[in-house]
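# please work out how this folds:
(2 chains)
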Amino acid sequence: MASVSVCQYHSGGFSFENCKRNALLEADINKLGFSSPAARKTGTTICGVVYKDGVVLGADTRATEGMVVADKNCSKIHYISPNIYCCGAGTAADTEMTTQIISSNLELHSLSTGRLPRVTTANRMLKQMLFRYQGYIGAALVLGGVDCNGPHLYSIYPHGSTDKLPYVTMGSGSLAAMAVFEDRYRPNMEEEEAKRLVRDAIAAGIFNDLGSGSNIDLCVITKGNVDYLRPHDMANKKGVRTGSYRYKHGTTGVLTKAVTPLNLEVVEESVQTMDTS
Amino acid sequence: KTRPFFSEFRVHSTTIMAVEFEGGVVIGADSRTTTGAYIANRVTDKLTPIHERIFCCRSGSAADTQAIADAVTYQLGFHSIELDEAPLVQTAASLFREMCYRYREELMAGIIVAGWDPRRGGQVYTVPVGGMMTRQPVSVGGSGSSYIYGYVDSNYRAGMSKEECLKFTAEALALAMERDGSSGGVVRLAVISEQGVERQAILGNQLPKFSTV
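This next block holds a predicted model:
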């Protein structure tokens, strides 16, 4: 295979030995009565739409660890290249690292070809990596960007299958967001209409899905320009507390007071400077 | 040992079909991809070009069939450049068979390879789950195929024209989509012959109707 690339490509298959070991460890831990820590997942609603001049990507900002919100304002729209961004749903670490790896390889590839990277290239790299790991990397992605062939939008599933469509949604809130898209999507929308549509789709996910919440981030990609709007809409501002449960000073009466002074004297004092240059 | 089937897998649960006629082949597929009970893509294109006049119809796991098709497209393209002539449909089918049989334990892919080459004209080869390969004049595949074996066996005649084959395929697929929950959307058709490839899509309201209930 003729390839003049400098990026580190994986050779040989993936060894699944560690997966067997992990399953055994999991069983052992469960026998002792403990449960292994849950991976932080982005419950998520992410979506993307192709409009007249480019693509609009949208995402909510809630990251969950089981039933608890781990991060109220996490960033799910990841940078791949100056003209390509990727929203990630699924296991937060997986989406973060996968997009970073492909972003790095794509930059090397772009320097090697001397051209702006194409969205289909990023799609190929992502799908081949995810297929190699047979779904064990829990990353469901919405990849969008504008290149020399126009605007493109892909949805990429953890097992490595992809779809190229004019509008896509992913994540636990994808059904709510897709309902909004199926109702109001039209081909060749204007930018404001497209941003409103994506905002409403993410809002549908935020308010109807427990795994999604907080703010709406938007990323508008056109030829030669990217608007990263974070946050585009703070749909869930923290309210102002209207009551106060503080007790006034003197509410609890003091019966007795005993003061015991601790006699401490400085014995030795040494200063060690650190070279921080 | 069989691989457990999770609903998180995206599958082309599908109906796919291919028919040989004098001068080429007609291939067709539905357009539904499901994740459990949710339709992840209602306008999927399951007729994938492998070479200029060779296509494959994909059913089974979406990820597996996309990866296999990409790999075979690369191998066939390389082979064709080395030979400096158009590849044979049998070669493409053999490449699919090699991969599907070698990795039969890990894959879930039912593929129909169809196309036209100068040596043997229009050909249809079926490579079902497990990795067998055989040439058939007409072949159906996917979960919806169970419902139309009777229709296909009783209505297929050797020596049909291109238009008759298109009508036959469209009606068979429409019947399968009507009965199989995992098939639906639009009917995608393609005619591959010496002249090239003509593609068409039959949308919901234009599908052939059978039942008045």
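# for the stretch 51-200 of chain A, what lies in contact range of chain B?
Residues of the stretch 51-200 of chain A found near chain B (C-beta under 8 Å from any C-beta of the partner chain) are A:124, A:127-128, A:130-131, A:134-135, A:155, A:157-163, A:165, A:175. The way it works is simple: take the backbone N, C-alpha and C, and place the C-beta from them, glycine included.
# so where's the chain uncertain?
All of this is about chain A. A:1-15, A:36-42 (pLDDT under 70).
# wrong one, I was asking about chain B
B:1-9, B:11-12, B:212-213.
# for burial, what's the neighbour tally of residue 89?
You didn't say which chain, so I picked chain A. 29 (other C-beta atoms under 10 Å in any protein chain shown).
# oops, I was thinking of chain B
B:V89, neighbours per other C-beta under 10 Å, totals 28.
# ok, back up a step: restricted to helices, list the residues of the stretch 51-200 of chain A next to chain B.
A:R124, A:K127, A:Q128, A:L130, A:F131, A:L175 (DSSP state H).
# out of these, which is nearest to B:F96?
A:F131 (16.6 Å; C-beta to C-beta).
# that closest one against A:P158, yeah?
No - A:F131 lies out of contact with A:P158 (C-beta atoms under 8 Å); the separation is 9.7 Å.
# find the centremost residue of chain B, please.
The centroid of chain B falls nearest to B:C57 when counting by C-alpha atoms, centre = their mean (2.2 Å).
# neighbour count for A:F131 and A:P158, which is higher?
Just comparing A:F131 and A:P158: by other C-beta under 10 Å the higher neighbour count belongs to A:P158, 26 against 22.
# distance check, that one against A:S75.
Distance, A:P158 to A:S75, using C-beta to C-beta, to the nearest Å: 20 Å.
# and for B:I54?
Distance from B:I54 to A:S75, by C-beta to C-beta: 44 Å.
# higher neighbour count, the two?
Higher neighbour count among B:I54 and A:S75: B:I54, with 27 against 17, using other C-beta under 10 Å.
# quick check: chain neighbours aside, which residue is closest to that one?
Sequence neighbours aside, B:G115 is the residue nearest to B:I54 in space, at 3.4 Å (criterion: C-beta to C-beta, 6 or more residues apart in numbering or on different chains).
# now do the contacts for that neighbour.
B:V25, B:I50, B:H51, B:R53, B:I54, B:F55, B:V89, B:A92, B:G122, B:Q123, B:I192 (C-beta atoms under 8 Å, 6 or more residues apart in numbering or on different chains).
# so the third one makes contact with B:T91?
Put plainly, it is B:H51. No - between B:H51 and B:T91 there is no contact under C-beta under 8 Å: 9.4 Å.
# mutual contacts of these two, please.
Here B:H51 and B:T91 share the contacting residues B:L76, scored by C-beta under 8 Å, 6+ apart.
# still on that earlier bit, which residues does the residue nearest to B:I54 bridge with?
Per DSSP bridges, the residues bridged to B:G115 are B:I54, B:Q123.
# with chain A as the reference, measure out to it.
23 Å (C-beta to the nearest C-beta, to the nearest Å).
# residue 98: neighbouring residues, count only.
You didn't say which chain, so I picked chain A. Neighbours of A:T98 (other C-beta under 10 Å): 26.
# please refer instead to chain B.
If you count neighbours by other C-beta under 10 Å, B:E98 ends up with 15.
# tell me which element it falls in.
According to DSSP states H and E, B:E98 maps onto helix B:89-102.
# identify the residues contacting that helix?
B:50-51, B:54, B:56, B:68, B:71-72, B:75-76, B:79, B:107, B:109, B:111, B:113-117, B:120, B:123, B:125, B:127, B:129-133, B:135.
# please pick the buried ones from the residues you listed.
B:50-51, B:54, B:56, B:68, B:72, B:75-76, B:107, B:109, B:111, B:113-117, B:123, B:125, B:127, B:129, B:131, B:133 (16 or more other C-beta atoms under 10 Å in any protein chain shown).
# tell me if the top helix by length along chain B is near chain A.
What stands out as the longest helix in chain B, according to DSSP H, is helix B:62-83. Yes - on the criterion C-beta under 8 Å from any C-beta, helix B:62-83 is in touch with chain A at B:A62, B:A63, B:D64, B:Q66, B:A67, B:D70.
# so which of the residues you listed wins on neighbours?
Using other C-beta under 10 Å as the neighbour test, the residues of helix B:62-83 next to chain A are led by B:A62, with 30 neighbours.
# list the contacts of the residue lying closest to that one once chain neighbours are set aside.
Closest residue in space to B:A62, ignoring its immediate chain neighbours: A:S161 at 3.6 Å, by C-beta to C-beta, 6+ apart. For A:S161, the contact set (C-beta under 8 Å, 6+ apart) comprises A:K127, B:R10, B:T33, B:S61, B:A62, B:A63, B:Q66.
# could you identify the most distant pair in those?
Pairwise over these, using C-beta to C-beta, the maximum falls at A:K127 and B:T33, 14.6 Å.
# does stretch A:18-34 reach chain B?
No - Stretch A:18-34 is not in contact with chain B by C-beta under 8 Å from any C-beta; minimum separation 13.2 Å.
# dump the residue contacts of residue 152.
Just so you know, I chose chain A. By C-beta under 8 Å, 6+ apart, the contact set of A:H152 is A:V50, A:V55, A:R118, A:V119, A:T120, A:G144, A:G145, A:V146, A:K164.
# let's do chain B instead
Contacts of B:V152 by C-beta under 8 Å, 6+ apart are B:M17, B:V138, B:V140, B:A172.
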